[in-house]
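[1] Take this sequence and fold it.
(3 chains)
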Amino acid sequence: MQTFRKEERLCSATEINRLFREGRSLFRHPIKLIWLPAGEDATATKLLISVPKHNFKQAVKRNRIKRIIREIYRKNKRMLAQLPGNRKLNLGLIYIGKEIPEYNTLESIIIQLFQRLIQDYEKASG
RNA sequence: AAAGCAUCGUGUUCUGUCGCUUCCGGCCUUUGAGCCGGGGGAGGAAAGUCGGGGCAACACAGGGCGCCAUACUUCCUAACGGGAAGGUUCUGCAGCCGGCGGAAACAGCCAGUGCCACAGAAAAUAACCGCUCCGCAUGCCGGAGUAAGGGUGAAAAUGUGGGGUAAGAGCCCACAGCCAGUGCUGGUGACAGCCUGUGCGGGUAAACCUUAUGGGUUGAAAGGCCAAAUAUACCGGAUCGCUGUGCUGAAAAGUACAGCAAAGAGCUGCCCGCUCUUUUCCGGGGGGUAGGCCGUUACAUCCUGGUGGCGACAUCAGGAGCAGAUAAAUGACAGAAAUCCCGCCUCGCGGGAGACAGAACCCCGCUUACAGCGAUGUACGGCAC
RNA sequence: UGACCUAUGGUGUAAUUGGCAACACGUCUGACUCUGGAUCAGAAGAGUCCAGGUUCGAUCCCUGGUAGGUCAA
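    So this is what the prediction gives:
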């Protein structure tokens, strides 16, 4: 299902703080990916999208980038469904670039990031 | 005829697939924030946060000083630094008059104080040159009068003409300008016209200030309610035993360690057993963290029409329900249609474009940004040359 | 969300009753030196973030905007 509901978003302030404090990061311009295995009782993989206000002062442009990223995640999150141990993750996608991206180029970048994430996860979990 | 400029209006539409949010209805022996169906889902500025109000908490006898804001008049409004109409000054069409527009922090330097660089004699109770008179030591002299002329400066003592005088001067007169008047007429009023005057030394209040009016402070992360886990004030019940040694103490007693007993908890459905604790266990419980709910979208609401008013606006009748998110939704892709731009083989075809910008408690304004399209004004008449 | 502050040569800072925009470092040229540094002498480099207004005159006063920053939570 290509949904993106409330339970798939990372909303809790304590979880977000834990993600930024303890999470591992991957980077491929212009996206930085932060990930951390979620707790045992987590029901779904949760995602946080962030676009810095410093780089885009206008709310319209920040909304535009977040909508593009959200759409890409919605179409491609199937990749992250079959992780060993059926564990769930907490993810953070931060847009570092200074220009509004194209949908197609950004989609290929995020797919590459997800592939590296799966490799790293398998290595870390043994 | 039209570019530009100013003001006002408008601020693309439709279909399919996949998604988000909210409300309503239905379904279920997987009762889940599940599935199915239907409705709503950014703006004219949502922006800047510059005024004002609602709302909320706190403060508050009354008065004065201070501080801040506002400043032609009348009206509109819940209120405003907003708006309407009018007045005055400046200004555009264009040389003049009318007419039509545009702009104005537009109270008071005739309340007081301060400041006005450089230049200039002098920057505000002004004699440097000049002009006139007087004196005798006859000079590059001294004294007195004089604001008409000179140059400086952003600004020089109201302007023009006449009288007057030794020379001059609002010293006097006429016209003009300014100022004043419990003045007259018109107007609700700002003000306008007229009359009168032993009136006539500039500018600056976005200098201090004076006068008048208004202002309590803080902002929804305000404020109210519910409340997990952990710890715990307090309350109730159970238990807090015996022996030895040490410490404090006059004693009662308190406290630490060790042993025995007992109780409680955990491992379990029960027993044994083991482990832990001994002021501990069980129950209640207030404040309150994470988190959640209310505040929060139904009203100074919008649309249509009537009535009153020059108008802002008021009022009446009928109709409508019009975002409600919260690490924060309102989207992505594809295809049509209309509009605009460019090119060409010009009934058409091909290519391209759609600005400024995203609600965060809610309203009323203001300011700023803005592609394209539409409307109005600029863009009238007379006289003179 | 609310409350404030700042903007001046390349860099860091001055400039008060509103009256010629100043200083240090840096840059450039010359001297000294075998060469460089240090030192000495000299020069260039701004019209004060932008647009209006008040005033004879604005870095300074007022209004609007732009950019950067601070504080509360």
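[2] Can you tell me which residues in chain A are near RNA strand B?
    Applying Cβ under 7 Å from any atom of the strand, we find that chain A lies next to RNA strand B at A:1-6, A:9-14, A:16-17, A:48-49, A:58-61, A:63-64, A:66-68, A:70-71, A:74, A:103. Backbone N, C-alpha and C define where each C-beta goes, glycine included.
[3] Name the residues that touch the helix or strand in which residue A:93 is found?
    In the assignment (DSSP states H and E), residue A:93 maps to strand A:89-95. Outside of strand A:89-95, the residues within contact range by Cβ atoms under 8 Å, 6 or more residues apart in numbering are A:10, A:15-16, A:18-20, A:23, A:30-38, A:42, A:45-52, A:55, A:65, A:69, A:73, A:80, A:83, A:101, A:110, A:121.
[4] Got phi/psi on residue A:31?
    phi -120, psi 140 (degrees, to the nearest 10).
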